[in-house]
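In: Next come a sequence and a model predicted from it.
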Amino acid sequence: MEPRLFIFDLDGVIYRGEEPMPYAAETVQRLRAEGKLVRFLTNNSALTRESYVRRLTQMDIPCTEEDFMTSAYATALYLQSQGATGKRVFIVGEEGIYEELRRIGMKAVTDPEEEGADYVVAGIDRSFTYDKLRRAHYAIWHGARFIATNRDATYPASGGRIVPGGGAIVAAIATCTGVEPLVIGKPNTYSMELLLQRCGVSPQEAVLVGDRLDTDVLVGKRAGLHTVLVLTGVTDEEAVRSAPEEMLPERVIRTLAEL
Ligand SMILES: [Mg+2]
């Protein structure tokens, strides 16, 4: 079956930090000219969909909010489906989580001990402190449900650097509380399935292009999509050779030009 939908991860695939990846804009343009649908699926919960639109548009990839499924947005949709509108949430995260949870009518609290909290939602937080960890611990120990946007150990930054990801922060909270979170982002298929549903495309007609084996490739295979790993992010050929079967992509490419 000819693919109708291409789903791209962002960090390490479309860009690294401020640097666009080679052929990213050209590849998206070419696919769209061929009549393919293009969407973006990221575990990175730092930014709002609006900010992603600005960032990609600056990189010559015109897009709208509807083209994005982020782990923060998927978390908001999940919480909304659970009746969390109006509930109190302690957030360990950045603007992306705050904005998406605000949009579904959740109330962000700063001190769970004083205000109470029904949920703790955690993701990447580049201002993470011991004090935030202590507050998250308090909330979870007093009954708040622990939700993680993602558990990516690292993500690729500009200049070829690899930096700690949201998973490192989630692990700190899981360690001190002894509670494992519900993880909404990849490799959970939830965000991917929402995206397929919205596009009206079956998994067999979709291709996932990512740079991580344990999130992108794994979720693609779990959900029954075609999988392509691009080596511009956190994964090198050595890691592909030693990958377990469930994380082996159908294709490995050096840059998006080979797609
Ligand atoms: Mg990535």
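Out: Yep, that arrived.
In: So which residue is dead centre in the chain?
Out: In the chain, the centroid-proximal residue (CA atoms, centre = their mean) is N43; its distance is 0.9 Å.
In: Could you report the pLDDT at that one?
Out: pLDDT for N43: 95.
In: repeat for the one 4 residues further on
Out: Among the per-residue scores, L47 shows a pLDDT of 95.
In: Near the ion, which residues of the stretch 101-250 of the chain? Just list them.
Out: D211, G233 (CB under 5 Å from the ion). C-beta coordinates here come from the backbone N, C-alpha and C atoms, glycine included.
In: Spatially, and excluding backbone neighbours, which residue is closest to whichever residue of the stretch 101-250 of the chain sits closest to the ion.
Out: Sorted by distance to the ion under CB to the ion, the residues of the stretch 101-250 of the chain start with D211, at 4.3 Å. Spatial nearest neighbour of D211, excluding adjacent residues (CB to CB, 6 or more residues apart in numbering): G233 at 2.6 Å.
In: In this structure the residue nearest to the centre of the chain contacts K186, no?
Out: Yes: with contact defined as CB atoms under 8 Å, N43 counts as touching K186 (5.4 Å).
In: List phi and psi for I104.
Out: With angles defined as degrees, to the nearest 10, I104 sits at phi -90, psi 10.
In: I'd like to know how many residues surround it.
Out: For I104, the neighbour count with other CB atoms under 10 Å is 18.
In: didn't it look like it was pressed against K87?
Out: No: here I104 does not reach K87: they are 9.7 Å apart, not a contact under CB under 8 Å.
In: burial measure for the residue nearest to D211, as a count.
Out: Counted with other CB under 10 Å, G233 comes out at 24.
In: List the contacts of it.
Out: D9, D11, G12, V13, R16, P156, G210, D211, R212 (CB atoms under 8 Å, 6 or more residues apart in numbering).
In: coming back round to it: between I104 and K87, which contacts overlap?
Out: Residues touching both I104 and K87 (CB under 8 Å, 6+ apart): L79.
In: could the contacts of G233 go into CSV alongside neighbour count, distance to A172 and secondary structure?
Out: Shown next, in CSV, are the contacts of G233 (neighbours: other CB atoms under 10 Å; distance: CB to CB, whole Å; DSSP: H, G, I helix; E, B strand; the rest coil):
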residue, neighbour count, distance to A172, secondary structure
D9, 26, 24, coil
D11, 24, 21, strand
G12, 23, 23, coil
V13, 25, 27, coil
R16, 23, 25, strand
P156, 24, 22, strand
G210, 30, 25, strand
D211, 25, 24, coil
R212, 28, 21, coil
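In: Any idea which of these the model trusts least?
Out: When those are compared by pLDDT, P156 scores lowest at 90.
In: Can you tell me what sits against stretch 129-146?
Out: Outside stretch 129-146, the residues that touch it by CB under 8 Å, 6+ apart are 90, 92, 111-113, 116-120, 122, 125, 172-174, 176-177, 179-182.
In: quick one: average pLDDT of it?
Out: Rounded mean pLDDT across stretch 129-146 is 98.
In: which element is the residue nearest to D211 on?
Out: Per DSSP states H and E, G233 falls between elements, in no helix or strand.
In: got the domain boundaries for this structure?
Out: Under the assignment automatic domain parsing, the domains of the chain span 5-43+186-258, 83-183.
In: in the stretch 101-250 of the chain, which spans are strands?
Out: Counting by DSSP state E, counting those that start in this stretch, the stretch 101-250 of the chain has strands at residues 107-109, 119-122, 145-148, 154-156, 162-164, 182-183, 206-210, 226-230.
In: looking at the ones you listed, which has the lowest confidence?
Out: Among those, strand 154-156 carries the lowest mean pLDDT (a mean of 91).
In: Packing partners of the lowest-mean-pLDDT helix or strand in the chain?
Out: Every helix and strand of the chain was ranked by mean pLDDT, DSSP states H and E. The lowest is strand 154-156, at a mean of 91. Where contact means 3 or more CB pairs under 8 Å, 6 or more residues apart in numbering; DSSP states H and E, strand 154-156 is packed against strand 162-164.
In: From the chain's centroid, how far away is the strand it packs on?
Out: On the basis of CA atoms, centre = their mean, to the nearest Å, strand 162-164 sits 15 Å off its chain's mean C-alpha point.
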